[in-house]
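1. Next come a sequence and a model predicted from it.
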Amino acid sequence: MKKILVIEDDEVLCSELRIMLNNSGYDADSAGEENEIKQKLFSDGYDLVLLDINLPGTNGEELLKEFRKRSETPVIMLTSRTTEIDELISMSCGADDFITKPYNPTILLLRISAVLKRASKTNLVQKYHDAELSSVRGTLTRGSCEQSLTKNEMIIFQLLLERQGEIVTRDAIMTALWDNDEFVNDNALSVNISRLRGKLSELGYEDAIVTRKKLGYVLK
């Protein structure tokens, strides 16, 4: 069960949100008093945070900036402000979504579901032998050694990793890059594969990507 923290100083609204979330299959907790907001927010025990902008003794946007230095937990901003500049400021501070009050409960639940689905993909840490691949940080780590991967390298490596030991065609890789709004030509793909090989080699995985001429690539 996904755990959601509601940070809202309006007791009535906060209670309504908790009831709605609990009835929808979530485990809802809340914080509204100034002395408990940071304590619960930084406890790192939640899957998503609903954060009001106007809070006692602080500002939701400033609080979000501080939170983003410590955590990648998804945050949806709740606010009575309706201007585009407020939405832009919230998103630039690290919000994953933004919804104005009074909100439609069904729409809010759909937004929550969508953000949680995105988070489940981006927060995935995958294993490659004794190394860890972090989509959030864009890194491949083995012990104390770490290699940063570009967006293209990450897409390619994840595809090869999902089908480890199988031949992945160049066309399949090009399609994966295209589906992620990345366009590369055949030569650029070769360059990306070469750089990825080099980074794997730096971590001690020599010849990790094998070329099958006229077929594609295999990750060992």
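-> Structure received.

2. Show me which residues of stretch 137-148 are buried.
-> 140-142, 146-147 (16 or more other CB atoms under 10 Å). Placement of C-beta: from N, CA and C, glycine included.

3. for stretch 14-26, same thing?
-> 14, 17-18, 20-21, 26.

4. and if you look at stretch 42-57?
-> 46-53, 55.

5. Can you name the residues in contact with that stretch?
-> Contacts of stretch 42-57 with the rest of the structure, by CB atoms under 8 Å, 6 or more residues apart in numbering, involve 2-10, 17, 29, 32-34, 37, 41, 59-61, 63-64, 67, 70-71, 73-81, 86, 90, 95, 112, 115-116, 119.

6. Check the model's average confidence along it for me.
-> Stretch 42-57 shows a mean pLDDT of 87.

7. Ok, stretch 137-149 next?
-> 90.

8. what ranges do the strands span in this structure?
-> 3-7, 27-31, 48-52, 54-55, 58-59, 75-79, 97-100, 125-128, 131-134, 139-142, 145-148, 168-169, 209-212, 216-219 (DSSP state E).

9. ok, how many other residues are close to residue 154?
-> 19 (other CB atoms under 10 Å).

10. Low-confidence ranges, this protein, go.
-> 81-87, 89-90, 121-124, 179-184 (pLDDT under 70).

11. Which one of the buried residues of stretch 42-57 is nearest to residue 164?
-> Checking the buried residues of stretch 42-57 against residue 164 by CB to CB gives residue 47 as the nearest, at 28.7 Å.

12. what distance separates stretch 95-103 from the middle of the whole chain?
-> 18 Å (CA atoms, centre = their mean, to the nearest Å).
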